[in-house]
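>>> Return atomic coordinates for the entry below.
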Amino acid sequence: EVAGETVPPPERTVHTTAACGTGLPYWSRTCAASESASAAPAVPLRAAGPTGTMADSLAAQVRDQYGNPVPQAAVVWTVRSGGGTVSPATSTTSAQGIARALWTLGTRVDSVQVADAAAGVALRTEFTATAAVPMGAALVVRYGGGQTGTVGAALPEPVKVALLLATGVPVVGATVTWTPTAGTASPQTSVTDGNGEASTTWTLGTTAGAQGLTASSPGAAPVTVSATAQPGPAAQVLRISGDGQSGPVGSTLAHPLVVRVADQHGNSVAGAPVAWAVTSGGGSVSPVTGTTDAEGRFSTAWTLGGTRGTQTVRASSGTLPPVSFTATANAINDTPPQLSVTAPVLNSVARPGLRVDADCTDDDPAGCASVRVYLVSPDGRAQLASGTTGDHTTVSLAGFDGKEVTVEVVGTDSRNQTVTVSRRVYVESSARWAEEASAGALLLDLDAQRVLFFDVDGSARIATRGGGGETILRGADPAAFTAADSPARGWLHSQGAVFTTGDSDAAEANFDWHNGTLVSLGGSPTSLRAAGDWAIWTGKLGYTAIYRRDLASGTTAQLAGDAANIDQAVAANGDVAFWNSSYDIVRYRNGVLTPLTSDDDAVTWNVFPETDGTNVVFRSSTPCCTNQVYAIEMIAADGSRVSLTPASSREVYPRTDYAANGGWVAYTLPGAGGIVQVWTRSPDGTLRQATQLGTASSIRALGPNGELAFASNGRLYVALPPYTSAAVDVGAAGNPVRLEWRGSDLFAFLGRSAFRVSY
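Numbers count the residues shown, from 1 in each chain. Below you'll find the predicted structure:
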């Protein structure tokens with residue numbers, strides 16, 4: 001039952017009978033005792049309730065020697081152990097011979113409590129109960145919390161708690177278990193005394209800082225006390241950092257020497273004295289002495305002596321074993337300077353200002369003697385800027401507009417040793433160019449969300465525009481692009497990107513990064529072309545197979561086994577135009593190969609086709625290689641063969657002398673005075689002269705609505721149909737800039753940047 005609470009009506013009833021003298025009232029008889037009992041199963045503990053609501057706890061029946069109930073007999077109730085009470089102390093049996101009393105248990109929970117009922121002198125029966133801690137009992141801290149002690153040592157005072165009922169009455173004999181977060185408790189369990197109190201001695205753990213000790217007892221909420229463990233006395237000096245450095249003789253090492261003083265358990269000891277001493281090599285340390293900080297650390301700066309080789313410094317704290325540091329002293333200026341150039345990046349575009357950020361370091365404590373910036377161009381080598389240990393400035397390259405130049409940064413140390421970093425730079429100052437994106441060292445393609453490029457290490461990558469991260473498509477490849485005219489090229493498509501390394505000797509040159517998987521396509525890097533979601537390429541040598549890949553599905557098909565290995569074309573609708581060993585033009589459309597020419601190759605060579613999926617334009621010539629004449633011809637949408645230029649000795653090439661887009665065709669044709677001009681053929685067959693300048697012109701790009709970008713006399717222009725207005729100057733033509741129309745927008749790709757060109 002619950003300690004301190006009234007016992008419920010019994011399930012066990014003890015019957016007492018008396019052999020009494022005759023002639024006396026039964027209620028005053030003197031009885032010799034005999035006893036009989038009947039028992040029922042034990043009752044579970046129940047919650048406390050107001051004692052006044054309970055009828056009774058104990059009941060005893062008095063009987064005579066014949067088993068008859070004895071009314072009006074006096075029954076005396078007595079608590080024999082446990083400290084409880086019975087009320088009333090004496091009760092009288094009823095007509096059924098039953099006397100009743102209320103038993104309130106004592107507060108002991110570690111032993112059986114006993115009460116008895118006596119009728120007369122010799123008749124007695126015994127009742128037993130076991131007390132438990134009731135709900136609402138609580139452990140409270142008497143003292144011992146919040147102490148401070150040394151790690152691994154017992155606290156100066158024991159920790160004592162008391163177990164109390166909700167009324168504040170102490171519980172006696174309850175077991176309290178002590179559980180520390182660190183260290184040990186002795187004893188680990190203890191029993192509450194007459195005041196309900198239990199205690200233990202707490203030995204702290206070996207880690208400095210806050211620790212806790214929890215006291216718990218069944219039926220009561222646990223309670224936790226805390227203590228602060230402080231480090232023990234200093235027992236060791238530990239080397240933390242600064243060992244094993246090197247530097248020029250007489251120089252201060254780059255990193256300080258750091259030690260930590262700790263106790264025997266490794267806890268940092270604050271305020272411990274530390275002394276530094278140079279033990280070999282000369283030199284000095286600063287400071288020489290001091291005390292450790294809150295983390296037990298103390299540091300010093302070491303200036304090496306003038307002796308080359310190994311030098312040593314010792315750190316000590318009182319009588320503790322010291323620790324030593326070593327460093328290697330080198331002769332001043334043994335090594336060349338080190339030069340870091342973060343700008344310009346390879347293939348940057350100057351507009352015409354160019355940012356230069358360079359820093360020079362050296363083993364001479366004084367640093368580098370100079371950093372100079374030079375411009376190397378076909379006109380010679382000229383100094384642009386200079387500094388001592390670095391140069392951070394913007395230089396103007398306005399005098400080299402439209403040219404490829406080299407920027408050299410040269411670092412020099414005090415012994416006149418030099419190191420040079422060279423970067424190729426393009427100069428373009430046109431205000432009509434607005435940078436759309438820049439990345440890596442060679443930007444290949446971009447769309448609204450992505451940029452495809454080669455990084456400076458030759459790795460192919462896609463970056464999300466706006467700084468959303470990069471994906472490496474193919475790892476570092478130093479041979480991927482090595483020059484401004486590298487054949488490296490690439491195109492984004494709906495599922496990834498197709499690209500070539502540009503290395504014609506590579507075993508694997510063409511690749512498709514398709515939905516996260518890199519697929520090697522093989523073939524010649526100079527033959528790879530793409531439009532929309534289609535790509536084509538051929539083998540490397542001579543006349544070979546030609547392949548087309550559906551970039552949306554990732555499937556590849558061989559179209560033919562006889563195709564030249566250069567200058568084939570694919571359109572965004574999947575049409576492919578190629579020339580073969582018979583020097584004839586063939587078109588692949590919707591699974592069908594159609595010969596578009598069938599001339600005698602002893603008389604006519606038809607080569608280098610361009611197609612937009614509507615027209616096919618190509619070069620027609622007499623056979624190689626004496627007194628050749630050339631013409632530009634086309635196969636129109638209706639299948640007719642159209643001659644665009646008369647035969648002449650002027651050799652023509654695709655994409656500079658003829659192009660096709662959106663049903664439009666552009667081509668070059670000598671005009672008055674033999675000056676080459678650009679003409680167009682509209683989708684309805686109308687021929688117009690598009691360029692009107694007094695200098696020769698060449699095609700740079702053809703738009704889907706007849707927009708024409710062309711080069712003339714070192715400048716780039718844009719002319720719009722019907723070409724009656726003056727062409728717009730949009731920049732210099734000297735750089736290897738690639739112009740492309742994306743819808744109605746014209747983009748210029750140059751080096752590591754792409755620009756939107758307004759016209």
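
>>> Now do the contacts for Phe454.
The contact partners of Phe454, taken as Cβ atoms under 8 Å, 6 or more residues apart in numbering, are 440-442, 444, 460-461, 480-481, 488. The way it works is simple: take the backbone N, C-alpha and C, and place the C-beta from them, glycine included.

>>> Tell me the most packed of those, by neighbour count.
Ala460 (28 neighbours; other Cβ atoms under 10 Å).

>>> any chance of the contacts of Phe454 in TSV, plus pLDDT and distance to Glu428?
Formatted as TSV, the contacts of Phe454 follow (pLDDT from 0 to 100; distance: Cβ to Cβ, whole Å):
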residue	pLDDT	distance to Glu428
Gly440	93	18
Ala441	92	17
Leu442	93	16
Leu444	95	18
Ala460	94	25
Arg461	96	24
Ala480	70	24
Phe481	65	20
Ala488	79	20
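
>>> Looking at these, spot the one nearest Val223.
Checking the contacts of Phe454 against Val223 with Cβ to Cβ, the nearest one is Arg461 at 61.7 Å.

>>> For Ala530, see how far away the closest one is.
18 Å (Cβ to Cβ, to the nearest Å).

>>> what does Asp391 give?
For Asp391, the distance to Ala530 - Cβ to Cβ - is 42 Å.

>>> what does Ala162 give?
86 Å.

>>> try Gly411
Distance from Gly411 to Ala530, by Cβ to Cβ: 43 Å.

>>> and if you look at Ala366?
56 Å.

>>> Which one's more surrounded, the two?
The residue with more neighbours, out of Ala366 and Ala530 and counting by other Cβ under 10 Å, is Ala530; that gives 23 against 14.

>>> For the more buried one, list the residues it contacts.
491, 493, 498, 536, 551, 570.

>>> Doesn't it lie inside a strand?
Yes. Counting by DSSP: H, G, I helix; E, B strand; the rest coil, Ala530 is part of a strand.

>>> does it have beta-bridge partners, and which?
Under the criterion DSSP bridges, Ala530 forms beta bridges with Ala535.

>>> gap between it and Gln495?
Ala530 is 12 Å from Gln495, by Cβ to Cβ.

>>> from the chain's centre, how far out does stretch 184-193 sit?
With Cα atoms, centre = their mean, to the nearest Å as the basis, stretch 184-193 stands 50 Å off its chain's centre.

>>> Show me which positions of it end up buried.
185, 190, 192 (16 or more other Cβ atoms under 10 Å).

>>> hang on, Ala89 packs against Ala74?
No. Ala89 is beyond contact range of Ala74, at 10.7 Å (criterion: Cβ atoms under 8 Å).

>>> between the two, who's got more neighbours?
Ala74 (15 against 12).

>>> Now do the contacts for that one.
27, 90-92, 119.

>>> Kindly report the same for Ala557.
So Ala557 contacts 547-550 (Cβ under 8 Å, 6+ apart).

>>> correct me, but Gly194 touches Val169?
No. At 11.6 Å, Gly194 and Val169 do not qualify as touching, with contact defined as Cβ under 8 Å.

>>> Which one of the two is surrounded by more residues?
More neighbours surround Val169 than the other of Gly194 and Val169, with 14 against 11 (other Cβ under 10 Å).

>>> what's the spacing between the more buried one and Thr104?
For Val169 relative to Thr104 (Cβ to Cβ), the value is 11 Å.

>>> At the geometric centre of the chain, which residue sits there?
Gly469 (11.4 Å; Cα atoms, centre = their mean).

>>> what's the burial count for the closest residue to it other than its chain neighbours?
Spatial nearest neighbour of Gly469, chain neighbours left out: Ala463 (7.1 Å); criterion: Cβ to Cβ, 6 or more residues apart in numbering. Around Ala463 there are 21 other residues, counting by other Cβ under 10 Å.

>>> Surely Ala463 is within a strand?
Yes. With three-state DSSP as the criterion, Ala463 is part of a strand.

>>> any weak-confidence spans in the stretch 351-500 of the chain?
For the stretch 351-500 of the chain, applying pLDDT under 70 flags the ranges 481-487.

>>> That one: strands as residue ranges?
353-361, 370-377, 380-387, 390-396, 404-412, 418-427, 433-438, 442-446, 450-454, 460-464, 470-474, 489-493, 496-500 (DSSP state E, counting those that start in this stretch).

>>> tell me the secondary structure for the residue lying closest to Gly662 once chain neighbours are set aside?
If the residues on either side of it in the chain are set aside, Gly662 comes closest to Pro704, at 3.4 Å by Cβ to Cβ, 6+ apart. At Pro704 the chain is in coil, as set by three-state DSSP.

>>> what about Pro704, how many neighbours?
Other residues close to Pro704 by other Cβ under 10 Å number 14.

>>> and if you look at Asn705?
16.

>>> go on, the one 3 residues further on?
By the criterion of other Cβ under 10 Å, Leu708 has 26 neighbours.

>>> wait, what's in contact with it?
666, 678, 680, 690-691, 699, 701-702, 718-720, 723.

>>> what's around the closest residue in space to Gly271 that isn't next to it in sequence, how many residues?
The spatial neighbour of Gly271 that comes closest, neighbours along the chain excluded (Cβ to Cβ, 6+ apart), is Thr291 at 5.1 Å. Each residue near Thr291 was counted by other Cβ under 10 Å, and the total is 13.

>>> Also Thr181?
Neighbours around Thr181, by other Cβ under 10 Å: 14.

>>> Any figure for the gap between it and Arg450?
54 Å.

>>> Equivalent analysis for Gln72, please.
108 Å.

>>> Asp729 touches Ser712, doesn't it?
No. With contact defined as Cβ under 8 Å, Asp729 does not reach Ser712; the gap is 9.7 Å.

>>> between those two, who's got more neighbours?
Each of Asp729 and Ser712 has its neighbours counted (other Cβ under 10 Å); Ser712 has more, 23 against 14.

>>> would you list every one of the strands in the stretch 51-200 of the chain?
Going by DSSP E, counting those that start in this stretch, the stretch 51-200 of the chain shows strands at 58-64, 74-81, 85-87, 90-92, 98-104, 112-119, 123-130, 138-143, 147-150, 159-164, 175-180, 184-186, 189-191, 197-203.

>>> tell me the angle of the fifth one relative to strand 112-119?
So the one you mean is strand 98-104. 150 degrees (axes from the mean of the first three to the mean of the last three Cα atoms, to 10 degrees).

>>> can you give me how far strand 98-104 is from the chain middle?
With Cα atoms, centre = their mean, you get 76 Å for strand 98-104.

>>> Likewise for the second one?
Strand 74-81 has its C-alpha centroid displaced from the chain centroid by 79 Å (Cα atoms, centre = their mean).

>>> Please, which helix or strand holds Thr668?
strand 664-670 (DSSP states H and E).

>>> got the buried residues for that strand?
664-669.

>>> What of stretch 151-165?
So for stretch 151-165, counting by 16+ other Cβ under 10 Å, buried means 151-152, 155, 158-165.

>>> And stretch 240-258, by the same measure?
Going by 16+ other Cβ under 10 Å, stretch 240-258 has these buried residues: 240, 242, 245, 247-249, 251-253, 256-258.

>>> and if you look at stretch 421-436?
423-430, 432-433, 436.

>>> And for stretch 745-759?
Applying 16+ other Cβ under 10 Å to stretch 745-759 flags 746-755, 757 as buried.
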